[in-house]
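J.: Compute the structure for the input listed below.
(chains A and B)
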2 protein chains.
Amino acid sequence: MNAPALIALDWGTSNLRASLLDPDAREIDRRSAPGGIMTVKDGRFSEALLSLVGDWVEKYPCPLIASGMIGSRQGWKEAPYLDCPATLAQAAENLTRVELPQNHGASRTVYIAPGLRCLESNGQFDVMRGEEIQVWGAEIAPGSLCILPGTHSKWAWLGADGAISRFRTYMTGELYGLLTKHGILGRLMTFGAPSPAHFKTGVRMGLESPDQASHVIFSARTAGLMGAIPSEGLPDYLSGILTGLEIAAATAAHGAALPPITLIGDDDLCGRYESALECVGVTSRRAGQNATTSGQWKVAKKAGLV
Amino acid sequence: MNAPALIALDWGTSNLRASLLDPDAREIDRRSAPGGIMTVKDGRFSEALLSLVGDWVEKYPCPLIASGMIGSRQGWKEAPYLDCPATLAQAAENLTRVELPQNHGASRTVYIAPGLRCLESNGQFDVMRGEEIQVWGAEIAPGSLCILPGTHSKWAWLGADGAISRFRTYMTGELYGLLTKHGILGRLMTFGAPSPAHFKTGVRMGLESPDQASHVIFSARTAGLMGAIPSEGLPDYLSGILTGLEIAAATAAHGAALPPITLIGDDDLCGRYESALECVGVTSRRAGQNATTSGQWKVAKKAGLV
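T.: Numbering: from 1, shown residues only, chains lettered A, B, ... in the order given. Below is the predicted model:
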């Protein structure tokens, strides 16, 4: 294999994923562990990192770059937010350094990418950490819209210059998890069987009632009680409602016809959003699965690290 | 004391509350236990009831009436829903009987009040169990609106004839509990200190963004991250956002100026709703604290049990 050129760390709340990239930004090797920042005690981030890829660090004298919640206040070191509109070049100019102690008294630098923040018309900020790297890595056309479904779904709009001009967070995935795992809606549900038809029924419910969120989700209980939807269909019905609410909300906030959309995420989630977006007559394309490492590589290159 | 005339059971998901009423519907004694239907194993409802008020049942030969989730499918016996519009007289005509075995081979009947269901224009049902008894007990003027804040807040509209003509559930309390106890928003929060000013700020946020629910709640994270609201203020800020969203949603669903409002619930919750309703220029009055037993008494009387 080619000599490794970059160790790229996607370090979030729950997981730590490490990729070893060659000089063409191709992944030579990858490892992951449930070593997200919430599992790291007493600031022992160096130890967490070395326990996963200590041998890489020892063997390969290449730089390390990290993105995600590792740069948050609860992470290794806070990497200050860039204000939107924000470009990849600005991110590369604003890397935060932490030192990784090594054997024999030497140290290696880990470069943490900044997150983005975005001031809304009501005076509130929105924030992201990690998703901006995926957007830059996904080769999105200027002027288009990027959706990153997940625990906290992000809708990111790109300016004509390729900068992320603004974005908006929807807590769709977290709400689904909380309602099904800890709430009353989960009690009538049987999990495990996908139900695309009930998903679409839910999407339409959410789209029709954008201003009734905390009411319309209750229909995932009543539809079960009344036998309108079988218990196996209820998880996807609720998932559909929440996704429909998100699409209605983001569309209303955008205030105009949606520009071309790229979805970034795992196949199951992207499939759900494709299907939901079809309900409002919007087509979308999927980004490749290497958006994260591709974005990390570009930032590292712009910063002169590779 | 007067001879007891009714044992009234308010039997919900988490708690069982029993009241002993005299022939003037005054409470002689009350007891409660965390013996809600979710804690009762293998259908042992008789045992759960007798362990709380076995001595009352033994000593006083008066009837027993029950309302709440005890009449649900997960309860003692399903008491079929009445369709809205529904009157107290219809509830009294549709009590579901269960037999309570006693010593010496005798048995006593427990009369379970039916819940209500309400068909919405989108073909979905909404349901309530227990709140209808409180509405009927609270002496609400015909034509007015009743709000019962809680885990699942209910907004109930009364017809000119005093029937509950329709109602709507908002999962406000459950969402607050899930987001603060199990979600990421709770991680930045310090609980315990009331913060009425941040509550009102939250209410206004919710009112301004009725169609952005899963986005605007995320501001309870960003406002913490940015230091805009101290950690002690964040619980009430989130509570305000959710309450504001509920009021905006119910107002939009009503589609006209709200009629006179009566609040039924504990003092803290009613105080929050009063304060939130002031933000939209709506005044409200509070029902007395005996709405439940008063409603149970009226149903028992109408049914000829007392």
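
J.: Now do the SS call for residue A:237.
T.: helix (DSSP: H, G, I helix; E, B strand; the rest coil).

J.: Hmm, residue A:174 and residue A:153 touching each other?
T.: No - using CB atoms under 8 Å, residue A:153 is not in contact with residue A:174, being 9.4 Å away. (Glycine included, C-beta is placed from N, CA and C.)

J.: neighbour count winner among those two?
T.: residue A:153 (26 against 23; other CB atoms under 10 Å in any protein chain shown).

J.: need the contact list for the residue in the stretch 101-250 of chain A positioned nearest to chain B.
T.: For the stretch 101-250 of chain A and chain B, the shortest gap (CB to the nearest CB) falls at residue A:213, measuring 3.6 Å. Residues in contact with residue A:213 (CB atoms under 8 Å, 6 or more residues apart in numbering or on different chains) are A:245, B:213, B:214, B:245, B:249.

J.: Also residue A:131?
T.: Residue A:131 touches A:148, A:154, A:156, A:167, A:264, counting by CB under 8 Å, 6+ apart.

J.: make it 6 Å
T.: A:148, A:154 (CB atoms under 6 Å, 6 or more residues apart in numbering or on different chains).

J.: Give me the nearest residue to residue A:231, chain neighbours excluded.
T.: Counting by CB to CB, 6 or more residues apart in numbering or on different chains, residue A:190 is the residue found nearest to residue A:231 once chain neighbours are left out, at 4.1 Å.

J.: Show me where chain A has its strands.
T.: For chain A, strands defined by DSSP state E occupy the ranges A:6-11, A:16-21, A:27-33, A:64-67, A:82-83, A:96-101, A:107-112, A:116-119, A:125-128, A:145-148, A:153-158, A:164-170, A:261-263, A:284-286.

J.: Within its sheet, name the partner strands of the fifth one and how each one runs.
T.: In its sheet, strand A:82-83 lies beside strand A:116-119 (parallel), with partners assigned from DSSP bridges.

J.: the helices in chain A, which residues?
T.: Counting by DSSP state H, chain A has helices at residues A:45-59, A:88-93, A:131-137, A:172-181, A:196-208, A:213-216, A:219-225, A:234-254, A:267-279, A:291-302.

J.: How about the fourth one and chain B, any contact?
T.: Yes - using CB under 6 Å from any CB of the partner chain as the criterion, contacts between helix A:172-181 and chain B involve A:172, A:174, A:178.

J.: Tell me the confidence at the spatially most central residue of chain A?
T.: Centroid-nearest residue in chain A, with CA atoms, centre = their mean: residue A:131, separated by 4.8 Å. What the model reports for residue A:131 is a pLDDT of 97.

J.: so how far is residue A:190 from it?
T.: 33 Å (CB to CB, to the nearest Å).

J.: For the nearest residue to residue A:146 once chain neighbours are set aside, report the pLDDT, please.
T.: Nearest non-adjacent residue to residue A:146, counting by CB to CB, 6+ apart: residue A:156, 4.6 Å away. Note for residue A:156: predicted pLDDT of 97.

J.: Residue A:156: neighbouring residues, count only.
T.: 26.

J.: For beta bridges, what are the partners of it?
T.: Listed beta-bridge partners, residue A:156: residue A:146, residue A:167 (assigned using DSSP bridges).

J.: surely it meets residue A:167?
T.: Yes - look at residue A:156 against residue A:167 with CB atoms under 6 Å: they come within range, at 4.1 Å.

J.: List, one by one, the residues from the stretch 1-150 of chain A near chain B.
T.: A:124, A:125, A:127.

J.: The last one - how many residues pack around it?
T.: Here the number of neighbours of residue A:127 (other CB under 10 Å) works out to 19.

J.: Next: the second one.
T.: Summarising burial for residue A:125: neighbours were counted as other CB under 10 Å, giving 18.

J.: list the contacts for it?
T.: A:117, A:119, B:222, B:226.

J.: Check it and give its pLDDT.
T.: The model's pLDDT for residue A:125 equals 96.

J.: now do residue A:104
T.: Taking residue A:104 on its own, its pLDDT is 61.

J.: Chain B versus residue A:96, what's the distance?
T.: Look at residue A:96 and chain B: by CB to the nearest CB, to the nearest Å, they are 16 Å apart.

J.: scratch that, residue A:91 is what I was asking about
T.: Relative to chain B, residue A:91 is positioned 19 Å away (CB to the nearest CB).

J.: swap in residue A:45?
T.: Residue A:45 is 18 Å from chain B, by CB to the nearest CB.

J.: so that residue touches residue A:74, yeah?
T.: No - counting by CB under 6 Å, residue A:45 does not reach residue A:74; the two are 10.9 Å apart.

J.: Comparing the two, which residue is more hemmed in?
T.: Neighbours per residue, other CB under 10 Å: of residue A:45 and residue A:74, the larger number sits with residue A:45, 21 against 13.

J.: ok, the more buried one - contacts?
T.: Neighbours of residue A:45 in contact, by CB under 6 Å, 6+ apart: residue A:76.

J.: what do you get for residue A:108?
T.: A:100, A:102.

J.: Point out where the stretch 1-150 of chain A drops to low pLDDT.
T.: For the stretch 1-150 of chain A, the stretches with pLDDT under 70 are A:1, A:103-106.

J.: Residue numbers of the stretch 201-306 of chain A in contact with chain B?
T.: So far as CB under 6 Å from any CB goes, the stretch 201-306 of chain A lies against chain B at A:210, A:211, A:212, A:213, A:214, A:215, A:218, A:219, A:222, A:226, A:249, A:252.

J.: Need the residues you listed in TSV (columns: distance to residue A:97 and pLDDT).
T.: Output for these, formatted as TSV (distance: CB to CB, whole Å; pLDDT from 0 to 100):
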residue	distance to residue A:97	pLDDT
A:210	44	95
A:211	46	97
A:212	48	97
A:213	42	98
A:214	44	97
A:215	49	98
A:218	49	97
A:219	51	97
A:222	54	97
A:226	59	94
A:249	38	97
A:252	41	94
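
J.: Name only those of those that count as buried.
T.: A:210, A:211, A:212, A:213, A:214, A:215, A:218, A:219, A:222, A:249 (16 or more other CB atoms under 10 Å in any protein chain shown).

J.: Which residues does residue A:285 form beta bridges with?
T.: Beta-bridge partners, per DSSP bridges, of residue A:285: residue A:262.
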